[in-house]
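*Asks:* My questions concern the predicted model and sequence given below.
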Amino acid sequence: MKSQNTGSSPVYEVEHYRALARLVWKRRRTVYRITGVASIVMLIYVFIMPQRYEAQVTVIPVPPESGKMGLSSLLAGGGNALPFMDIGSTLGLGGRPADLYVRVLKSRTVAESLIVHNNLASYFGVPEDQSYRYAIKPLQQLTDVEATKDGIINVTVKLSTGYFPTDNEIDSTKRLAADLANQYVYWLDRVNREKLITRAKVSRMFIEKEIERTQADLDSAYNRMVRYQEEHKALFVEKQLEAALQSAAQLKSQILKARVELGVRKKDFAASSPVVEELESQVEQLIAQYKALSSGADKLGDDFYIPFSEIPVVARDLANLLRRVKVLEQVIIYLNQQYYQDRVKEGRNTPTIQVLDEAIPPLMRSSPRRALWMILTVFFSTLFAVSYILLTDYFTSIKSRASTRPPESPPIEQQ
């Protein structure tokens, strides 16, 4: 014989749900009253509660100046030297200009400037005997700053009115939200300019000292080269060497000719004849001149001949001295270029950001959304009313069953 459990059959469950539905429909007035009261209360509250308004400004950072790897860019941290190598952004450190500007916008410096300029301490309810810095956290909580992937920065300021807001209070809140959003951009640009000017000033002062030091080294190098040239009679080594070789070749040629003529004369004249003696004296003088040219002696009457044996050493030393001078000259030229660039940057007052969309007073409030609030109120109040009816009926049925249950008979005593 099969056991039948009517309590768990689908027919029983359907009848149970129908009974609950009939119960709720029977007490529908209770549902209407609870939902109506909750809706009226919420309707009154959404009209008197604070209203929030949002104003947003969109800015584009000015691209950094692309240029060569200059000294000023190295002093500045290399930000302008390699603009396409965004290493900080790749490592998640925020190396993009937009990420850096977001940090500036969220900084305490910008927040303090806004608070002092607009007297926001009293707006946020900071007592007069306390520091205005207590308003920094509320201001930062009401401000959203984000940078998109394409480098655009959005600054959103969200301000709320008080309870029972009037039209004047609503209008002033709208204007204040737009003003604060635009002032974020102003203070961002101002901080950037001050930092850039300070950085250019520090770079210029450093380059000034480097120019003075390098100029002193250049003067010293000039003096060393001049003294070396005077000591070794080396003005233009290549030209002097060329002239010395030509003179040596001429002397050698004259010596050979004189010896040939001397040999011919010795065949025609006696060894003691004046002609032979004159030719021998001439040969000796030519040989002495050749030796003097080779050894650098002053017998030639010319102080600018370098001995052949000393030419390699003199040429090497003079080349080292000349290279030192040329290097310092190029450094001076480069430092002067960087110096005037930093002077221009220090005196320049160009914007560091561009405003794409200026913040304007919002037309509509961002919250509360009254329709959504009313829909949620009706839904949850109805759910509460139905639950209240079912629970009260459940506890009432328990009490009724308990009251109709027959009393238990006392136990029979055993004798």
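*Replies:* Structure received.
*Asks:* For the chain, which segments are assigned as strands?
*Replies:* 52-61, 143-147, 153-160, 353-357 (DSSP state E).
*Asks:* would you turn these into TSV with mean neighbour count and distance to residue 24?
*Replies:* Yep, even glycine has a C-beta here, placed from its N, CA and C like the rest. Output for the strands of the chain, formatted as TSV (neighbours: other Cβ atoms under 10 Å; distance: least, Cβ to Cβ, whole Å):
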stretch	mean neighbour count	distance to residue 24
strand 52-61	20	38
strand 143-147	17	45
strand 153-160	21	40
strand 353-357	14	53
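*Asks:* of all these, which lies closest to residue 327?
*Replies:* In terms of Cβ to Cβ, the element of these nearest to residue 327 is strand 52-61, at 38.8 Å.
*Asks:* can you list the domains in the chain?
*Replies:* 9-48+368-398, 52-203+349-357, 218-335 (automatic domain parsing).
*Asks:* sorry, back to before: can I get the strands of the chain in CSV with distance to residue 287?
*Replies:* Conversion of the strands of the chain to CSV gives the following (distance: least, Cβ to Cβ, whole Å):
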stretch, distance to residue 287
strand 52-61, 83
strand 143-147, 88
strand 153-160, 89
strand 353-357, 85
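*Asks:* From the domains of the chain, pick the one with the highest average neighbour count.
*Replies:* Ranked by mean neighbour count, the domains of the chain are led by domain 52-203+349-357 with a mean of 16 (mean count of other Cβ atoms under 10 Å).
*Asks:* Show the end-to-end separation of it, please.
*Replies:* Length of domain 52-203+349-357, first residue to last, Cα to Cα, to the nearest Å: 21 Å.
*Asks:* returning to that earlier point: distance to residue 383 and mean pLDDT added to the strands of the chain, as a markdown table?
*Replies:* Listed next are the strands of the chain as a markdown table, based on distance: least, Cβ to Cβ, whole Å; pLDDT from 0 to 100:
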| stretch | distance to residue 383 | mean pLDDT |
| --- | --- | --- |
| strand 52-61 | 28 | 92 |
| strand 143-147 | 34 | 93 |
| strand 153-160 | 29 | 93 |
| strand 353-357 | 43 | 88 |
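*Asks:* Give me the mean pLDDT for the longest helix along the chain.
*Replies:* If you go by DSSP state H, the chain has its longest helix at helix 167-232. What helix 167-232 shows for mean pLDDT is 87.
*Asks:* which helices and strands does it pack with?
*Replies:* Judged by 3 or more Cβ pairs under 8 Å, 6 or more residues apart in numbering; DSSP states H and E, the packing partners of helix 167-232 are strand 52-61, helix 71-75, helix 97-105, helix 108-118, strand 143-147, strand 153-160, helix 311-347, strand 353-357.
*Asks:* rewinding a little: out of the domains of the chain, which is closest to residue 210?
*Replies:* Of all these, domain 218-335 comes closest under Cβ to Cβ, at 5.6 Å.
*Asks:* right, and residue 181 touches residue 53 too?
*Replies:* No. Contact criterion Cβ atoms under 8 Å: residue 181 and residue 53 do not qualify, at 11.0 Å.
*Asks:* gap between residue 213 and residue 329?
*Replies:* 15 Å (Cβ to Cβ, to the nearest Å).
*Asks:* ignore the last one, residue 162
*Replies:* 72 Å.
*Asks:* hmm, back to that, JSON lines for the helices and strands packed on helix 167-232, including distance to residue 136?
*Replies:* Shown next, in JSON lines, are the helices and strands packed on helix 167-232 (distance: least, Cβ to Cβ, whole Å):
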{"stretch": "strand 52-61", "distance to residue 136": "20"}
{"stretch": "helix 71-75", "distance to residue 136": "32"}
{"stretch": "helix 97-105", "distance to residue 136": "13"}
{"stretch": "helix 108-118", "distance to residue 136": "5"}
{"stretch": "strand 143-147", "distance to residue 136": "11"}
{"stretch": "strand 153-160", "distance to residue 136": "14"}
{"stretch": "helix 311-347", "distance to residue 136": "31"}
{"stretch": "strand 353-357", "distance to residue 136": "23"}
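*Asks:* wait, which of these is closest to residue 217?
*Replies:* helix 311-347 (5.7 Å).
*Asks:* Mind checking the helices and strands packed on helix 167-232 for the one nearest to residue 200?
*Replies:* Closest approach to residue 200 among these (Cβ to Cβ): helix 311-347, 3.9 Å.
*Asks:* Also compute the angle for that closest one relative to helix 167-232, please.
*Replies:* Taking axes from the mean of the first three to the mean of the last three Cα atoms, to 10 degrees, one finds helix 311-347 and helix 167-232 inclined to each other by 160 degrees.
*Asks:* which one is residue 351 nearest to, not counting chain neighbours?
*Replies:* residue 189 (5.8 Å; Cβ to Cβ, 6 or more residues apart in numbering).
*Asks:* give me every residue that touches that neighbour.
*Replies:* By Cβ atoms under 8 Å, 6 or more residues apart in numbering, the residues touching residue 189 are 351, 352, 353.
*Asks:* Distance check, it against residue 59.
*Replies:* For residue 189, the distance to residue 59 - Cβ to Cβ - is 9 Å.
*Asks:* anything in contact with each of these two?
*Replies:* residue 353.
*Asks:* rewinding a little: return the distance of the residue nearest to residue 351 relative to residue 43.
*Replies:* 46 Å.
*Asks:* what's the answer for residue 121, then?
*Replies:* In terms of Cβ to Cβ, residue 121 sits 35 Å off from residue 43.
*Asks:* likewise residue 214?
*Replies:* In terms of Cβ to Cβ, residue 214 sits 80 Å off from residue 43.
*Asks:* same deal with residue 217?
*Replies:* 85 Å.
*Asks:* Nearest residue to residue 140 in space, ignoring adjacent ones along the chain?
*Replies:* residue 111 (6.1 Å).
*Asks:* my read: the one you found touches residue 142, true?
*Replies:* No. Residue 111 is beyond contact range of residue 142, at 10.9 Å (criterion: Cβ under 8 Å).
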